[in-house]
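In: Next come a sequence and a model predicted from it.
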Amino acid sequence: MPNPMIPMVSASEFAAIASAVDEMFGHALTRRVFSEHGFSERLLQDQSMQLPNAEYMRFLETCARVTREPIFGAKIGSTVQFADLGLYGQYVTSAPTLRTALERAVRALRYHESGSRLDVTLTDCRLRIVYVPPTPKALGSWHQSDGIAALLINLVAMYSNDNWSPTLIKVAAADATRIARLSAFFGAPVQLCAIGTELIGEVLHEPTNEQDRLETFTWRDLRRLVSSRPSESFAEVLRHLCMPFVQNGIFDLDKVSEKVGVTPRTIQRRLKTEGETFGNLLSGLRREQADKLLTGTTLTLSEIAEEVGYSSKQHFIRAYKGWTGKTPSALRR
């Protein structure tokens, strides 16, 4: 039985958008967005991580609501450069020509985000790019699609060495007002499409990267990019996703389910097919976090107990002895 997809996105894209919000609207507003979203900025510190796309879309929707910006995705995406998207962005923008850059964008997208699709056709002078987000009908998905459209326009413009603009943009979930706003912002006609976004335009020659024709992306970088691809195991994917939640004090299955965009019943059923339970997975993550706090901090046992979700020091000590056969104090000796 195939694993159900948990769409994920690289923390590097999340961090780039958060940084752009910070620059455009100020850190006070950024903190407010994180607070209203119930999200810790600590989760973005490790940009090699993959985070649930459902969380990313909710974050974009919260940003749009707090900033009262109806085309938030397009405006924030236009301020971010493709190279800001971590190793994926660096791999794409180190290509010597636009054609190679777009081929890399398609080929390596699975290492940056899962569940989405990017199709590119470049024939003679005609360019067509189609992006379909992982969950096209979810709240916030149009902000994600609009942001990707802006990023891709910036990418083509970077190689074209001018203010390249598509001759037609197609977007989903758009009424007449939104179409008019996007058309005015992008300076191009905008039409409605079923899902995602589509860019159609012309490039008059084979654009190259005049800023740096040398290949700057090393084999070591490429290995790091490839190794960032999520595991095929549902349990391993969920374990990876739950670690930052545990660090942020989230231990409840229902809350985890909401954040990853998969129902509690599906999580339990898929874990069972791999011989795992949510309780066992959570216990393992708590132990890992406890070990890090015991060896890397001077927090008291009571403080560590609270950090890893136990109501008292005694409950934590009992659990830790069950995991290791030793008391937590023994690890510090």
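Out: Ah, there it is.

In: any weak-confidence spans in the stretch 1-150 of the chain?
Out: In the predicted model, the stretch 1-150 of the chain carries pLDDT under 70 at residues 1-5, 38-40, 42-44, 46-47.

In: how about the strands in it?
Out: Counting by DSSP state E, counting those that start in this stretch, the stretch 1-150 of the chain has strands at residues 8-10, 50-52, 117-123, 126-132.

In: Save these as CSV, and put in mean neighbour count and distance to residue 25 too.
Out: Any C-beta I mention is one placed from the backbone N, CA and C, and that applies to glycine too. Shown next, in CSV, are the strands of the stretch 1-150 of the chain (neighbours: other CB atoms under 10 Å; distance: least, CB to CB, whole Å):
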stretch, mean neighbour count, distance to residue 25
strand 8-10, 25, 21
strand 50-52, 24, 22
strand 117-123, 14, 29
strand 126-132, 19, 25
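
In: any chance of these in CSV, with distance to residue 88 too?
Out: Listed next are these as CSV, based on distance: least, CB to CB, whole Å:
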stretch, distance to residue 88
strand 8-10, 7
strand 50-52, 11
strand 117-123, 11
strand 126-132, 14
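
In: out of those, nearest to residue 323?
Out: Nearest to residue 323, of all the strands of the stretch 1-150 of the chain, is strand 50-52, at 26.4 Å by CB to CB.

In: quick revisit: right, so of the strands of the stretch 1-150 of the chain, which gets closest to residue 304?
Out: Of all those, strand 50-52 sits nearest to residue 304, with 24.9 Å by CB to CB.

In: Out of the strands of the stretch 1-150 of the chain, the one nearest residue 75 is which?
Out: strand 126-132 (17.4 Å).

In: what about residue 62, how many neighbours?
Out: Residue 62: 20 surrounding residues under other CB atoms under 10 Å.

In: ditto for residue 155
Out: Neighbours of residue 155 (other CB under 10 Å): 22.

In: quick one: contacts for the nearest residue to it once chain neighbours are set aside?
Out: Leaving aside its sequence neighbours, residue 155 sits nearest to residue 82 (CB to CB, 6 or more residues apart in numbering; 4.4 Å). Neighbouring residues of residue 82 by CB atoms under 8 Å, 6 or more residues apart in numbering: 89, 92-93, 151-152, 154-155, 158.

In: Distance check, residue 92 against residue 217.
Out: Residue 92 sits 9 Å away from residue 217, going by CB to CB, to the nearest Å.

In: Then residue 192?
Out: Counting by CB to CB, the gap from residue 192 to residue 217 is 37 Å.

In: Compare those two and say which one has the larger neighbour count.
Out: Each of residue 192 and residue 217 has its neighbours counted (other CB under 10 Å); residue 217 has more, 16 against 13.

In: so that one touches residue 94, yeah?
Out: Yes: under the criterion of CB atoms under 8 Å, residue 217 makes contact with residue 94 at 3.9 Å.

In: I'd say residue 25 and residue 72 touch.
Out: No: between residue 25 and residue 72 there is no contact under CB under 8 Å: 10.3 Å.

In: Who has more neighbours out of those two?
Out: More neighbours surround residue 72 than the other of residue 25 and residue 72, with 25 against 17 (other CB under 10 Å).

In: wouldn't the more buried one be in contact with residue 140 here?
Out: No: with contacts defined as CB under 8 Å, residue 72 does not count as touching residue 140, sitting 9.5 Å away.

In: residues shared between the contacts of these two?
Out: 60, 64.

In: who does whichever strand or helix holds residue 242 touch, helix- and strand-wise?
Out: Using DSSP states H and E, residue 242 maps to helix 234-247. Helix 234-247 is packed against strand 50-52, helix 253-260, helix 264-273, helix 278-296, with contacts defined by 3 or more CB pairs under 8 Å, 6 or more residues apart in numbering; DSSP states H and E.

In: Buried residues of it, list them for me.
Out: 234-235, 237-247 (16 or more other CB atoms under 10 Å).

In: Redo these as CSV? Include distance to residue 100 and pLDDT.
Out: Below are the buried residues of helix 234-247 laid out as CSV (distance: CB to CB, whole Å; pLDDT from 0 to 100):
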residue, distance to residue 100, pLDDT
234, 35, 82
235, 37, 86
237, 31, 81
238, 36, 85
239, 36, 86
240, 31, 79
241, 33, 79
242, 37, 85
243, 35, 80
244, 34, 76
245, 38, 80
246, 41, 83
247, 39, 77
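
In: Which two of these have the greatest separation?
Out: 234 and 247 (21.1 Å).

In: what are the C-alpha coordinates of stretch 182-199, in PDB please?
Out: Output of stretch 182-199 as PDB, limited to C-alpha atoms (Å, rounded to 0.1, in the frame of the first residue of the first chain):
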ATOM      1  CA  LEU A 182      -2.600  40.900 -10.100                       C
ATOM      2  CA  SER A 183      -2.700  42.400 -13.600                       C
ATOM      3  CA  ALA A 184      -1.900  45.800 -12.400                       C
ATOM      4  CA  PHE A 185       0.900  44.500 -10.100                       C
ATOM      5  CA  PHE A 186       2.600  42.200 -12.700                       C
ATOM      6  CA  GLY A 187       1.900  44.600 -15.600                       C
ATOM      7  CA  ALA A 188       0.500  41.700 -17.700                       C
ATOM      8  CA  PRO A 189      -2.900  40.300 -18.700                       C
ATOM      9  CA  VAL A 190      -4.200  37.800 -16.100                       C
ATOM     10  CA  GLN A 191      -6.800  35.100 -16.800                       C
ATOM     11  CA  LEU A 192      -8.400  32.400 -14.700                       C
ATOM     12  CA  CYS A 193      -7.200  28.800 -14.700                       C
ATOM     13  CA  ALA A 194      -8.300  25.600 -12.900                       C
ATOM     14  CA  ILE A 195      -5.400  25.200 -10.500                       C
ATOM     15  CA  GLY A 196      -2.000  26.700  -9.700                       C
ATOM     16  CA  THR A 197      -0.500  29.300 -12.000                       C
ATOM     17  CA  GLU A 198       0.800  29.500 -15.500                       C
ATOM     18  CA  LEU A 199       3.200  31.900 -17.200                       C
END
